[in-house]
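[1] Here is the input, now give the coordinates:
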Amino acid sequence: MSSEPVQTYYVRRPARSRTLLALIVGFMGIAIVVISCFLVRASESRKLNEWTDKQAIPTVTEIAPARASGGPILTLPSRLEAYSRAPIFARVPGYLKSWNVDIGATVKAGQLMGMIETPELDQQLMQARADLASARASERLAALTANRWQAMAGTDAVAQQDVDERTSDWTAKKAVVAAAAANVDRLVALKGFARIVAPFDGVVTARMTDIGALINAGNGGAGSELFEVSDVRQLRVYARVPQNYARQISDGTTATLTVPEYAGKTFSARVVAQAGAVDSGSGTTLVQLFVDNRDEKLMPGGYASLQFGLPQSATGVRIPASALVFDERGLQVAVIGRDDKVFFRRVSIARDFGDSVEIASGLRTSDRVIDTPPDGLAQGDAVHIAKAIAREGSHE
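    Numbering: from 1, shown residues only. Predicted structure coming up:
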């Protein structure tokens, strides 16, 4: 069997088939690029939406309400007054003959402070004594006459009517003597007021007269004050307490007192009385305190600052004033719930300390309060918590 060589024949594809294949490959590449761009855009859009949603949730600062370590301090202006203060006026007219004490002098009760020369009163006293002597002479004559007529009454020598008249005249004369004696005693008592004496132990805080000055009797009108004596061993302190604090200050409450002339030094004052009524004009009640001044460092009439340590509220908590929200619903505080969503609580303020407030009701120490809530924060909004800050209470 003869073997013949195998011949290989190559069939040349037409040019149209190669063009179609190239087109298919090109379309597939374009599709892959388009799909890749679409997927990238979808991923970026999803990330953008997630970022936008995340940024839409506000970030807030959480604070923890806390009780104050002590009660608040109530500072009030006040005035110091002498425990006893007596302006000395003249009871008799005349001229000042002499004065024995000047301002700042310490005096004892009954000590002579000055003398008034009373020429008119002296003349009136002389006349009254003369009238008394005349009345006594008339009374003695009436007594002798009445006794004689009474002795003759049993002899039928005189009428009983005449006896009665003489007896009545004697009685009248005795009344005239009594009146004249009383007038003398009155003028003698007035003469005693020519001696100006201290009414109690104290200090002369004013002298408003001098030798030869015309003295008019009385404490008003033409009368003028001669001296002023003050008892400064103990001073009265008067302060006006706002109505909302009045019930927290009672008799026996102590306060710290400071005065400008003793920087850094404090004095103790004690409440002894309250007015028991609120002044409608100022909304305050008047409180009186005593402060010991045996060393006479404090001066009556001076300004003083009082600090009352008020009791701490049993239910109140303190938060920064920036945590308060006031709108048409009233005074509220934004609180974070367990799911980090916001809800609002209505609160009432017990005391305002400026940068912080004491909440009387509506809030507990366990609540998570938002400090400086952003505008537009609504009930049920979710929030991110930036940082938790526990603020200690302060009694300042």
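
[2] Please tell me how far residue 67 sits from residue 322.
    Plainly put, residue 67 is 19 Å away from residue 322 if you go by CB to CB, to the nearest Å. Just so you know, the C-beta spots here come from the backbone N, C-alpha and C atoms, and that holds for glycine as well.

[3] for residue 336, that is, sorry about that
    Going from residue 336 to residue 322 by CB to CB gives 16 Å.

[4] Then residue 130?
    According to CB to CB, residue 130 and residue 322 sit 91 Å apart.

[5] who's more crowded, those two?
    Neighbours per residue, other CB atoms under 10 Å: of residue 130 and residue 322, the larger number sits with residue 322, 15 against 12.

[6] Quickly find the element holding residue 237.
    Assigned by DSSP states H and E, residue 237 belongs to strand 225-242.

[7] those helices in this structure, which residues are they?
    Using DSSP state H, the helices of the chain run over 15-56, 119-151, 160-192, 243-246.

[8] can you pull the contacts of the residue nearest to residue 187 when sequence neighbours are not counted?
    Nearest non-adjacent residue to residue 187, counting by CB to CB, 6 or more residues apart in numbering: residue 125, 4.3 Å away. The contact partners of residue 125, by CB atoms under 8 Å, 6 or more residues apart in numbering, come to 184, 187, 188, 191.

[9] Tell me who's in contact with the second one.
    Spelled out, that is residue 187. Contacts of residue 187 by CB under 8 Å, 6+ apart are 121, 124, 125, 128.

[10] ok, 10 Å please
    Residue 187 sits next to 92, 118, 121, 122, 124, 125, 126, 127, 128, 129 when contact means CB atoms under 10 Å, 6 or more residues apart in numbering.

[11] Could you identify the buried members of the residues you listed?
    Buried members of those, scored by 16 or more other CB atoms under 10 Å, are 92, 118, 121, 124, 125, 128, 129.

[12] now for the residues you listed, which pair is the farthest apart?
    Longest distance between any two of the buried ones among the contacts of residue 187 is 17.2 Å, between 92 and 129; criterion CB to CB.

[13] Pass me the low-pLDDT residue ranges in the stretch 201-350 of the chain, would you?
    Residue ranges of the stretch 201-350 of the chain with pLDDT under 70: 219-223, 312-315.

[14] At which residues are the strands of it located?
    Ranges of strands in the stretch 201-350 of the chain, per DSSP state E, counting those that start in this stretch, are 202-207, 214-215, 225-242, 254-258, 267-274, 284-292, 303-309, 317-320, 324-327, 330-336, 342-346, 348-352.

[15] Output these in a markdown table; the columns should cover mean neighbour count and distance to residue 167.
    Converted to a markdown table, the strands of the stretch 201-350 of the chain look like this (neighbours: other CB atoms under 10 Å; distance: least, CB to CB, whole Å):
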| stretch | mean neighbour count | distance to residue 167 |
| --- | --- | --- |
| strand 202-207 | 19 | 57 |
| strand 214-215 | 18 | 48 |
| strand 225-242 | 20 | 52 |
| strand 254-258 | 18 | 74 |
| strand 267-274 | 17 | 62 |
| strand 284-292 | 19 | 63 |
| strand 303-309 | 18 | 73 |
| strand 317-320 | 22 | 94 |
| strand 324-327 | 13 | 96 |
| strand 330-336 | 19 | 94 |
| strand 342-346 | 16 | 96 |
| strand 348-352 | 15 | 86 |
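
[16] Out of these, which gets nearest to residue 165?
    strand 214-215 (49.0 Å).

[17] Next up, the contacts around the residue most central in space within the chain.
    The centroid of the chain falls nearest to residue 241 when counting by CA atoms, centre = their mean (3.3 Å). The contact partners of residue 241, by CB under 10 Å, 6+ apart, come to 74, 76, 247-249, 271, 274-275, 278, 284-287, 306, 308.

[18] ok, what's across the strand from it?
    residue 285 (DSSP bridges).

[19] One more: residue 61?
    For residue 61, the beta-bridge partners are residue 371, residue 387 (DSSP bridges).

[20] Looks like residue 364 contacts residue 319 (just checking).
    No. Here residue 364 does not reach residue 319: they are 11.3 Å apart, not a contact under CB atoms under 10 Å.

[21] Return every residue with contacts to both of these two.
    Residues touching both residue 364 and residue 319 (CB under 10 Å, 6+ apart) are residue 65.

[22] Check which residues of stretch 373-387 are buried.
    Quick answer for stretch 373-387 (16+ other CB under 10 Å): 373, 381, 383.

[23] Any chance of those residues in TSV with pLDDT as columns?
    What follows is the buried residues of stretch 373-387, written out as TSV (pLDDT from 0 to 100):
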residue	pLDDT
373	85
381	81
383	82
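
[24] Now the nearest residue to residue 96 once chain neighbours are set aside. Its backbone dihedrals?
    Once flanking residues are discounted, residue 96 sits nearest to residue 213: 4.7 Å by CB to CB, 6+ apart. Reported as degrees, to the nearest 10, the phi and psi values for residue 213 are phi -70, psi 140.
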